[in-house]
Every structure is written in C-alpha cells, then in structure tokens.
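*Asks:* show me the folded form of this:
(chains A and B)
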Protein chains: 2
Amino acid sequence: MAIPPYTDIIKNLPAMVPFVGPETIERNQGKAFLARIGANESVFGISPLARTAMADAACESWMYCDPEGYDLRLALAKANGVEIENVMLGAGIDDILGVIVRTFMNPGDTVVASYGSYPTFAYHVHGFGGVLKTVPYRNDANDLQALADAASEHGAKILFLANPDNPTGSYYPREDIEDLIARLPDGCLFIFDEAYLDFVPEGSVVPMVCDDPRIVRVRTFSKAHGMAGARVGYAITHPEIVQTFNRIRLHFGVNRMAQEGALASLGDKKFIEDVIRKVNEGRLEYESLGRELGIPTLPSRTNFVSFDLSTKERAVGVMTSLIEQGVFVRMPGVPPLDRLVRITIGTERDRALFAEALRGALSSGPD
Amino acid sequence: MAIPPYTDIIKNLPAMVPFVGPETIERNQGKAFLARIGANESVFGISPLARTAMADAACESWMYCDPEGYDLRLALAKANGVEIENVMLGAGIDDILGVIVRTFMNPGDTVVASYGSYPTFAYHVHGFGGVLKTVPYRNDANDLQALADAASEHGAKILFLANPDNPTGSYYPREDIEDLIARLPDGCLFIFDEAYLDFVPEGSVVPMVCDDPRIVRVRTFSKAHGMAGARVGYAITHPEIVQTFNRIRLHFGVNRMAQEGALASLGDKKFIEDVIRKVNEGRLEYESLGRELGIPTLPSRTNFVSFDLSTKERAVGVMTSLIEQGVFVRMPGVPPLDRLVRITIGTERDRALFAEALRGALSSGPD
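*Replies:* Next comes the predicted model:
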C-alpha cells in the first residue's frame, strides 16, 4: 500500500533537517557538551519567581491552559503600553512566524529577508509554498535600503527583519527603522523581530505604533528571561490582525507552566537587569579575548558575539575544533557571514572553557 | 493605512471564536467555577513523578527543548511496540491534526468526518482551505459504513475518526475499525484519534500496523495522564510520513517541562491504573444518577458521560443552569447530539456538586 498523495506544497519541499539541536550532536558524539553556548540561550538561567510559578503550575497542569492567555497578555500589554487586544501569544517566535506567514502569504507569493537571517522564517515561507527573495548582508548588517528596494521590486507580501540581528548582532536605532517603514511598499507586511530587544539601549527602540496595521512586532521570553525551553513568544500588532490570527492559530500552544512562568518573570525586573549586566560583562570579555587573539569581533547588541575568522575554511575549522573540545557553538551557513563563528555569552566558567578551547583551535588549525 | 491583504484562505474564513475556555466564562461571570467538569480534563491530577520531573525541568528551561524529543519518543516507541522512527510529538493532538491536514489536504480538497465530532479537526480543515463533508451520527455513534461511503463518494483526502468518540463516548472494537480501514478508498489518509484510548478494554484495540502508510494514529497525555495543560500529544505512523511531518512541523512546540513530565508519567503505571479505576467508579456513579433521575446516559468508554435530555431546549436549559450553579460542563452544538450534556468524570466532591446542581436544574426548568 502507498502513502496517500501529499499536497502540492509538500511534494515540492526539499528534504532537510532544519533544526539540529545540541542534544542530537551529543547523542551522535556519545558525550555531553562542557559548555552550551551555541543557541543563544541565556546561561544565566530563569528567574526564581518564574521557577516557583512553573513548579506550582505543574501541579495544576491537569487543566488545559487558558486559550486566551489572558493574564499574561494583560501583563504584557501593561508592560508595553498597549492594550490586551494588541497582543497575541505563541509557542515562541517560531510559532508566531508560521501564523503570520499563513495569514499574509499565498502559495507562490514572494517575501523578502536578508540572506542568512533567522532560518525559521525561511522554513515557514517554504513550508507554506512561498518564494523567498533574499538581500545580502552589507558590512555585516542588514542592508535596509536594499531590503526596502527588494520588497518593492518583487511586490513582496512580507518583509522580515530581525533587529537586533541574528547572527550578526548588529542593531539599527529608531530612526533607521522608521525610515525603512516609511519606504515599505503598499500591501507589504513588516515582521519586526525583536527577540534580542532586552539587550538594546533604552531610548533607541521604535515606539509602539499599534495603529499602523502594516507592522507585527515579535518578541520572546527565550533570551533575557531565560525561558527558551518553555516556549513563550508574543506578537504586538493591530487588534484586527490579532483577531485574524485567532482564526487560525493553535489556541492551546503556550502551556500552563509557560504562561505562569512568563507572567512571574515579567514581574522580576531585578532578575532581568542582573542578566543584562552579566551579558554586558561577558560581551566585553569576548571582545577583549578577540583583540588578544587577533580575531575581530562584530559589534553586538545581543547575548552573543560573532568572531570573524576571515574565511569559511578557518571558521569551519574553529567551529569543528570547539565542538570536538566540548564547546557547543554555531556558525552562519551562507556567505558573506560564513566566516563568522557565533558564540553565546556564557557563564564565567563557560567563557573560560571557550577561551581555552579557542586558543587550542587556533594553535592546532591552519592559520 | 490599511492592513496588507490577507491570503485567499483567510479572506474566506468565517469570523469565529472557536475555543472558549472555562477561564473566559469565569472572567465574564466574575466568579470561579466550583467544579470544572466540562473539558474532559483528568480531575485526578498528574502523577507525582511527572510533577517532580516538571519542576526539575523548570530550572533547566533556559535551554531549548530537544527538537527531536528523542527520550520521550524512544519511551513511547517502547511502550507501543514500535520504533522511534514511527513516532512524532506535538503540542497536543490539536497541533498534530494541523500538521496532518497541511500534509495531505490541498486547498479545495475534501475531507470527511462525523457531523459534530472533534471541532479542532474542522478548525484546521477550514484554516487550511479544505472542504469538510460530514456524516451524521447514527444511534449516538459514528456511522462507520456511511463514513467509508462518504470518503469514497467525495474522493476524500482524509477520513477522521475518534475512537473512543467525543462527544458521545461510544467505542468500536478492533474488528469494526479493521473493517473500516479495509473500505478506505484509494488515496485517503485515515486519522485515527485515540485520545481516550487509556480507558478502553485491553484486547479491543487495533494492533499497531505501522507498515500501512494510510493510517496516522494520534494519542495524548491530556486524558488519563492528567497533563492537558502541558500539551503533549503524539502520532504513530509510517516512518516516511514522520519524516515528511518533520519538514513542516513546529520543532520546538513541546516544551522542556512537557517532555520531561510525559516521560515520567509514562513510567508511572500505578498512577495511571489508579486514575482509570477512579474514572470507572465515577462513571458508574453518573450512570446510576441518570437512572435515578430518569435521564438516560450514553454508554461511555471515556472519562466523561453524556446525559440525554431528549431535546435541545432541555439540554441547553440544564447546561445553562449547571453553569450558573458553578458547575462547568459543555454540550455538543449540532443535531442529533444537541440533546446531550457532556459531563467529565469528576472527583467525589465534583460529582456531589454536579448531582446537586443537576437536581436543581431539573426541578427549576421546564420538564
């Protein structure tokens, strides 16, 4: 007997393994990593308040979670100076990106993003049968002018931008983003991915303009809040768009513990400030390590630093060596970024392990 | 400024609020329910082992969850006598149904299910632009012959069946299901929803036949395992179909606590046996309450019992009265099932509250 026919979109999807977690590498290698600084997780952990809230919620998890996510959405609305009707929850930004793509991109439609930017956006675009046109990074940053031009040229239905950016760590302040928005072509939705927002200077952020129905901002508890494994992201946008999302999204996708944990973490400002301080410390340390070893580091407004190994060969060599030495790191897969190795800010111990492993990698590898 | 154009599918989707949780009703009423027996949650809670595992996992939730869900899938494979390659995880059956529909149903394609069966299947069919043809329930059970006939007649791409069924509680043993499978038309995928499997007699279940690539079985930790709020479901099917699902599914959708909790719960056989015993006790009590009050109850192989109020008017009246009295229950929305009120097996206290409220509803309402 045969498998029933797949849809046209599925038939044309390339086979791939898009998400290889460190656990998979550990299973393949038969040993655990000594330092886990490859996925931009927050090694500084989760707020004690969130931990308690999640443990309490575990006991109540016989009950379905609130499909409206009311309490968390209300708290997020207050924290962001918007109304609850402006906020949608999702199981991480990954979930939300899928919902947005489904809502605004017909199969065959074109969307635009930087070449080598957040892979899950591309994953959903392909998965829903769209065409992704990309714009190369320029000076290791998103090329805002070229992105706007490409969106116009291709009649893009969606323009995706992460700011701060992953994997470069680069960041545009308010004026540049507002300029980009002003040049959005008609009928183009702007996905503004602010996953790393917690690490940017206050005052540089684009103000909330929820009456502009062309913008969906997406944010997450995976970074400064240290809740990557809990899966909580949120979108802030026009209320009518939130209502439309409600007609297709997975209503129970953010589980009970995740909702309660995020709510508690949102209230623990001191913890988050402390994480940001530690991230800033660690970033300085990485930068000074780079200077010491003669490896330029890219300016970063995130919880990671990209080290510039000048060539793909050298970057692959260093990454491979780091992984073999028990230090989980990642690198971008496409030029011109594939000369970078991206290192999450680790704990003091992680950073010491990384520094030692990096020295080892450099001394053993080709120069 | 205008909202950028929605996709064709979204434009044609009716506005609706598909998932109204008890929390929403509580917020609207301004008071909490005394008994929560409307969503077929397991009031007997979650395994203590799972609770501990989840609390421990909360501390580690700064790490992304394993996108492969390896440990849990391996345990599920062992428990079900299949290989890990046969198992896919999802954030509840709801998540998995969306993935299946996306994989096998083009927009415009027809699928078949019973009229009034699990609403999330219909939700995804509409959300992905399909056409749902329905078959009426017959004698308060799925009409297997008519379902197979409808699938043939309409060239259905998917046939959906829940067994045990929700909302009737009816159940077909192995022979009947095998007969249905034998009559599946060419090119039709069979979604076999076994959410309530834990409550059926051993020996009556269809054996695992993972080399038949026309069948996807879906199961959940939301019922006997008492983990509805954690969001863990799984599919068992042909390995090639699992690989195809991997090309579109949300890889991080089952969070770290959910994976660890489900793994622990799977190992706590004594707890599950105890839940099943309590559910059986409660069901007998509901049946005897029905006899006492002259309200027939439908035979059930689940953790709920549907009370037959003979007319829609009477059922709506009773449900409304129960809710007003603080007892959260639900009823099916379409004929001929809309004479039923569906009551989850509650704790002893829940059942006492329900019995009292039901007497109150019957004495105050029209006969």
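*Asks:* near chain B, which residues of the stretch 51-200 of chain A are found?
*Replies:* Proximity of the stretch 51-200 of chain A to chain B (C-beta under 8 Å from any C-beta of the partner chain) is limited to residues A:51, A:54-55, A:57-68, A:70, A:91-92, A:94-95, A:98, A:102-106, A:127, A:157, A:187-189. All C-beta spots, glycine's among them, are computed from the backbone N, C-alpha and C.
*Asks:* selecting buried members of those residues in PyMOL, what would you type?
*Replies:* The PyMOL selection below is limited to those of these classed as buried (16 or more other C-beta atoms under 10 Å in any protein chain shown):
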select buried, chain A and resi 51+54+55+57+58+59+61+62+63+64+65+66+67+68+70+91+92+94+95+98+102+103+104+105+106+127+157+188+189
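*Asks:* tell me the backbone dihedrals of A:Q29, please.
*Replies:* Per-residue torsions, A:Q29: phi -80, psi -20 (degrees, to the nearest 10).
*Asks:* measure A:V318 to A:P22 for me?
*Replies:* 17 Å (C-beta to C-beta, to the nearest Å).
*Asks:* what count of nearby residues applies to A:E348?
*Replies:* 12 (other C-beta atoms under 10 Å in any protein chain shown).
*Asks:* now do A:A15
*Replies:* 8.
*Asks:* low-confidence ranges in the stretch 1-150 of chain A?
*Replies:* Across the stretch 1-150 of chain A, residues meeting the criterion (pLDDT under 70) sit at A:17.
*Asks:* where exactly do the strands run in it?
*Replies:* With DSSP state E, counting those that start in this stretch as the criterion, the stretch 1-150 of chain A has strands at A:35-36, A:87-90, A:110-114, A:131-135.
*Asks:* now for those, which one comes closest to A:S42?
*Replies:* Nearest to A:S42 among the strands of the stretch 1-150 of chain A is strand A:35-36 (10.9 Å), distances taken as C-beta to C-beta.
*Asks:* tell me the contacts of A:A79?
*Replies:* Counting by C-beta atoms under 8 Å, 6 or more residues apart in numbering or on different chains, A:A79 makes contact with A:L266.
*Asks:* distance between the stretch of helix or strand A:G317 belongs to and the chain's centre?
*Replies:* Using DSSP states H and E, the element containing A:G317 is helix A:312-324. Relative to its chain's centre, helix A:312-324 lies at 23 Å (C-alpha atoms, centre = their mean, to the nearest Å).
*Asks:* and that helix, what other elements does it pack with?
*Replies:* strand A:340-344, helix A:348-364 (3 or more C-beta pairs under 8 Å, 6 or more residues apart in numbering or on different chains; DSSP states H and E).
*Asks:* pull the CA atoms of the shortest one into CSV?
*Replies:* In other words, strand A:340-344. This file holds the C-alpha atoms of strand A:340-344, laid out as CSV (Å, rounded to 0.1, in the frame of the first residue of the first chain):
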residue,chain,number,x,y,z
LEU,A,340,31.9,34.0,11.5
VAL,A,341,31.6,31.7,14.5
ARG,A,342,28.8,32.8,16.7
ILE,A,343,29.4,32.5,20.5
THR,A,344,26.6,32.9,23.1
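*Asks:* that strand near chain B at all?
*Replies:* No. Residues of strand A:340-344 are not located near chain B by C-beta under 8 Å from any C-beta, the shortest gap being 11.0 Å.
*Asks:* SS state for the residue most central in space within chain A?
*Replies:* The centre of chain A sits closest to A:A195, judged by C-alpha atoms, centre = their mean, with a distance of 5.1 Å. With DSSP: H, G, I helix; E, B strand; the rest coil as the basis, A:A195 sits in coil.
*Asks:* look up how far B:N255 lies from it.
*Replies:* Applying C-beta to C-beta to A:A195 and B:N255 gives a distance of 17 Å.
*Asks:* is the longest helix seen in chain A positioned near chain B?
*Replies:* In chain A, with assignment by DSSP state H, the single longest helix is helix A:269-293. No. Applying C-beta under 8 Å from any C-beta, one finds helix A:269-293 out of contact with chain B, separated by at least 9.9 Å.
*Asks:* again with stretch A:24-34
*Replies:* Yes. Applying C-beta under 8 Å from any C-beta, one finds stretch A:24-34 in contact with chain B at A:24, A:27.
*Asks:* so for that stretch, what gets flagged as buried?
*Replies:* Going by 16+ other C-beta under 10 Å, stretch A:24-34 has these buried residues: A:26, A:33.
*Asks:* distance between the ends of it?
*Replies:* This stretch, stretch A:24-34, spans 15 Å end to end (C-alpha to C-alpha, to the nearest Å).
*Asks:* list the contacts of it.
*Replies:* A:22, A:323, A:325-328, A:353, B:66-68, B:70.
*Asks:* make it 10 Å
*Replies:* A:17, A:20-23, A:36, A:38, A:322-329, A:349-350, A:353-354, A:357, B:66-68, B:70-71 (C-beta atoms under 10 Å, 6 or more residues apart in numbering or on different chains).
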